[in-house]
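Undergrad: Generate a structure from the sequence data that follows.
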Amino acid sequence: MQELEDAALTLFLARGLDGVTIDDITQAAGVAKGTFYRYFEDKAALVDGLLEPVRRELLAGLETCGHALADAHNVEAMFDAYRAMAAVIASALLQYPGVVRLYLQECRGPAVGARAKVAELARLVARHAVDITQKAHTSGLLRPIRPAVSGLAVVGAVERLLLAVLSEEDIGNPLELPDALTTLVLDGLRLPPTEPRPGRRKLDGGPKRP
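TA: Numbering: from 1, shown residues only. Next up is the predicted model:
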């Protein structure tokens, strides 16, 4: 099975999911087509298997961050929660660079065929990102920007930076990215120190209704 997954990942990264057939995968792996179906129902099932360890780590990290933010009542605790999440993302990047790159390359394509599982993971990541941003808003730690806007903006920035790392673009030391990104994002989103922290507020950037 590992030979099939390795061959498939190499081909997917080079040609995209739509450009690779099961015949291509079995030929590259040097196995019979029947061997493929012994392990996978179809190409989508193989993609799902490739994504599983990354999905498990990312979602666990996002959930942990959400729990930490629910209990965060000061800026330091908020930074710690986001740094912990950034560390999980960095760990997934180091352990599964090929799979992370595949996700980044395919996550914005049509959610059909083998790409459906990639799109499903993208939706889960986005939902968790908005949820944890909502928790930080509820604690009065962030500016009154709608969580769906700020949460998805952060996801977009993180994904673009990860792709830059995997594409070997010149962005400096990748090991410095978690702290740098956390500081950049949260310095932009958190309430300034001189601004009072409201307990509850309208989250669309406008004034609260009387």
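Undergrad: hey, let's count contacts and neighbours off CA atoms from now on
TA: OK.
Undergrad: so what's the residue nearest to the spatial centre of the chain up against?
TA: The residue lying closest to the centre of the chain (CA atoms, centre = their mean) is V125, at 5.4 Å. With contact taken as CA atoms under 8 Å, 6 or more residues apart in numbering, V125 is in contact with L58, L59, L62.
Undergrad: Check the secondary structure at E168 for me.
TA: At E168, secondary structure determined by DSSP: H, G, I helix; E, B strand; the rest coil is coil.
Undergrad: Okay, and the closest residue to G151 other than its chain neighbours sits in which element?
TA: Distances taken as CA to CA, 6 or more residues apart in numbering place V130 nearest to G151, at 4.7 Å, with adjacent residues excluded. With elements taken from DSSP states H and E, the one containing V130 is helix 116-138.
Undergrad: can you map out the helices along this structure?
TA: Listed in chain order, the helices of the chain (DSSP state H) span residues 2-15, 22-29, 33-39, 43-70, 75-95, 97-106, 116-138, 147-166, 177-189.
Undergrad: Check those helices for me: which has the lowest mean pLDDT.
TA: Of all those, mean pLDDT reaches its minimum on helix 177-189 (a mean of 73).
Undergrad: quick check: domain ranges of this protein?
TA: Domain segmentation of the chain under automatic domain parsing yields 1-40, 42-189.
Undergrad: what's the most buried one of those?
TA: The highest mean neighbour count among the domains of the chain belongs to domain 42-189 (a mean of 18), with neighbours defined as mean count of other CA atoms under 10 Å.
Undergrad: what's the spacing between that domain and its chain's center?
TA: A distance of 3 Å separates the centroid of the chain from that of domain 42-189, by CA atoms, centre = their mean, to the nearest Å.
Undergrad: What of stretch 3-17?
TA: What separates the centre of stretch 3-17 from the centre of its chain is 21 Å, taken as CA atoms, centre = their mean.
Undergrad: who's in contact with it?
TA: Residues external to stretch 3-17 that are found in contact with it (CA under 8 Å, 6+ apart): 19-20, 25-26, 28-29, 36, 46, 50, 98-99, 101-102, 105-106, 114-115.
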